[in-house]
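A.B. asks: A predicted structure for the sequence below; I have some questions about it.
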Amino acid sequence: MNAPVIVRVQREDFDLDAEVSALRRERSDIGAVVTFSGLCRDEAGALSALELEHYPGMAEAEIERICHEAVERFGLQAATAIHRFGKITPGENIVLVIAASPHRQAAFDGANFIMDFLKTSAPFWKKEHHVDGSIGEWVSAKDADDAARDRWTRKP
Amino acid sequence: MNAPVIVRVQREDFDLDAEVSALRRERSDIGAVVTFSGLCRDEAGALSALELEHYPGMAEAEIERICHEAVERFGLQAATAIHRFGKITPGENIVLVIAASPHRQAAFDGANFIMDFLKTSAPFWKKEHHVDGSIGEWVSAKDADDAARDRWTRKP
Amino acid sequence: MSTVNLVYFSWVRERIGKGEEMLDLPADVVTVADLIAHLKTRGEEYEAAFEHQNVIRAAINQEHVDHAEPIAGAREIALFPPMTGG
Amino acid sequence: MSTVNLVYFSWVRERIGKGEEMLDLPADVVTVADLIAHLKTRGEEYEAAFEHQNVIRAAINQEHVDHAEPIAGAREIALFPPMTGG
């Protein structure tokens, strides 16, 4: 497959419109573009920031593996995944995934698949900072995220 | 539910970034935003334009009903749906759906649900214009679209 | 006798040759199915539009209904092919 | 004896007190599980980091592996908790 895959791991914010425009540019064979933006929630006002640690090199490599698998499995025309690291405050972007395809379900499934595997396989870890100044625990991995990933191994 | 629902049926194009920004503005409780953009494909170069006819009044009302159902069913924090009418050329936007939720799967499901029902229940009809100057047939409804809609009646 | 506004879309509109008309309906036109049968008596353009009447969709006052729906009290009835938006 | 670069993340890093170290490994350290058992002999900070060793994830040369994976030829071995990105 030579569908373009763009992966970036960066401290700075990203621009949804710029990324979608780059992926759509100068082609008119795309029928569906699905984007997923993962944002930092304030946890009912208790959270002041998330601090994201990552494994440089492997983070990019792992997300690329996931995106290429999604391209192949769902016949995507293009895929983009951008994941931030460092300190991120409520309302800010954490992650962006974009999937393009001729038809809508493949674009939905592609973006959903990339997010499920990114959650469980991309080497990132979140630590909570509270508004009261305390630094909380590392966020625990959720069984629900493993279950979400595992549903893709039941071939349709 | 008092989650904000924005529905527009319009001839002019829309701006993905402006719509997402409007929905995110001044809140930090959203964890996931999924967008779906449906674009006009060139059908391997054969298509010069799609002409979209709609039922004014009912189109807006029906999409609002669908969005409110999605808000209730998936606990969405906000939903936006914009559908264009008139002549649309390859590469241009036809439809935009946005769903916001605290967690990712509800946002994916909400946008997917809105699109499936919009396809089969919103009063729009597409006619093809070909690059050779001929005006083609009205696009036929697909059984696959009915099947996609009907999967939502099997409650999880 | 009741008067109703009929609206047509897509190839139903094209075959009938108009998008809208006001019509007085006889008292024995009770359901959407009755209405379609009645329209088919009005000329070959209507016969062509409703040739495959099972595929025709209907809305009363801008809400989807099926062919068995009574039309009493309808201000506006729309008849159109399956939708292809999105 | 082989030399390998070990990298630690998240609370594994915090408990050990460093993010990276070069280590000479005895010949009887064959798998990732052996490596974790070996590290646990190096002090209480390592014991704390690998207390619940079943939850520890490993990567060799930046690819996920399980605990039974042989480490022969590894340039870099990473040990870390379950991931929580996205």
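C.D. replies: Cool, the structure landed.

A.B. asks: mind listing what's buried in the helix or strand bottoming out on mean pLDDT in chain A?
C.D. replies: The helix or strand of chain A with the lowest confidence, counting by mean pLDDT, DSSP states H and E, is strand A:135-138 at a mean of 89. Under the neighbour-count criterion of 16 or more other Cβ atoms under 10 Å in any protein chain shown, strand A:135-138 has A:Gly136, A:Trp138 buried. For the C-beta atoms, the positions are set from N, CA and C on the backbone; glycine is no exception.

A.B. asks: ok, it near chain D or not?
C.D. replies: Yes - counting by Cβ under 8 Å from any Cβ of the partner chain, chain D has neighbours in strand A:135-138: A:Trp138.

A.B. asks: Likewise for stretch A:38-48?
C.D. replies: Yes - using Cβ under 8 Å from any Cβ, stretch A:38-48 reaches chain D at A:Gly38.

A.B. asks: Check what contacts that stretch and list those residues.
C.D. replies: A:49-50, A:88-96, A:115, A:128-131, B:24, B:28-33, B:102, B:104, D:86 (Cβ atoms under 8 Å, 6 or more residues apart in numbering or on different chains).

A.B. asks: now swap in stretch A:59-69 and tell me
C.D. replies: Taking Cβ under 8 Å, 6+ apart as the rule, stretch A:59-69 contacts A:1, A:5, A:7-9, A:79-81, A:83, A:85, A:113-114, A:117-118, A:121-124, D:62-64, D:85.

A.B. asks: buried subset of the contacts of stretch A:38-48?
C.D. replies: By 16+ other Cβ under 10 Å, those give A:49-50, A:88, A:90-91, A:93-96, A:115, A:128-129, B:24, B:28, B:30-33, B:102, B:104, D:86 as buried.

A.B. asks: From these, which land in strands?
C.D. replies: The strands, defined by DSSP state E, take in A:Ala49, A:Leu50, A:Ile88, A:Asn93, A:Ile94, A:Val95, A:Leu96, A:Glu128, A:His129, B:Ala32, B:Val33 from the buried ones among the contacts of stretch A:38-48.

A.B. asks: Looking at these, spot the one nearest chain D.
C.D. replies: A:Val95 (5.5 Å; Cβ to the nearest Cβ).

A.B. asks: What parts of chain C come near chain B?
C.D. replies: Close to chain B, as judged by Cβ under 8 Å from any Cβ, chain C has residues C:7, C:9-11, C:59, C:62-64, C:78, C:80-86.

A.B. asks: Among those residues, which are located in strands?
C.D. replies: Checking the residues of chain C next to chain B against DSSP E, those in strands are C:Val7, C:Ala59, C:Glu63, C:His64, C:Ala78, C:Phe80.

A.B. asks: Not including adjacent chain positions, what is the nearest residue to whichever residue of chain C sits closest to chain A?
C.D. replies: Nearest residue of chain C to chain A (Cβ to the nearest Cβ) works out as C:Gly86 at 7.7 Å. Spatial nearest neighbour of C:Gly86, chain neighbours left out: B:Lys119 (3.9 Å); criterion: Cβ to Cβ, 6 or more residues apart in numbering or on different chains.

A.B. asks: which helices and strands does the one helix or strand that neighbour maps to pack with?
C.D. replies: Using DSSP states H and E, B:Lys119 falls within helix B:104-121. On a contact count with 3 or more Cβ pairs under 8 Å, 6 or more residues apart in numbering or on different chains; DSSP states H and E, helix B:104-121 meets strand A:32-39, helix A:104-121, strand B:32-39, helix B:58-74, strand B:78-84, strand B:93-101, helix B:143-150.

A.B. asks: Worst mean pLDDT among those?
C.D. replies: Between the helices and strands packed on helix B:104-121, the one with the least mean pLDDT is helix B:143-150; it has a mean of 92.

A.B. asks: Other residues contacting that one?
C.D. replies: A:Gln105, B:Asp116, B:Phe117, B:Lys119, B:Thr120, B:Ser121.

A.B. asks: May I have it as PDB, with CA atoms only?
C.D. replies: Below are the C-alpha coordinates for helix B:143-150, written out as PDB (Å, rounded to 0.1, in the frame of the first residue of the first chain):
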ATOM      1  CA  ASP B 143     -29.300  -1.700   0.500                       C
ATOM      2  CA  ALA B 144     -26.000  -1.500   2.400                       C
ATOM      3  CA  ASP B 145     -27.100   1.900   3.800                       C
ATOM      4  CA  ASP B 146     -30.300   0.400   5.100                       C
ATOM      5  CA  ALA B 147     -28.300  -2.500   6.700                       C
ATOM      6  CA  ALA B 148     -25.900   0.100   8.200                       C
ATOM      7  CA  ARG B 149     -28.900   1.900   9.800                       C
ATOM      8  CA  ASP B 150     -30.600  -1.300  11.000                       C
END
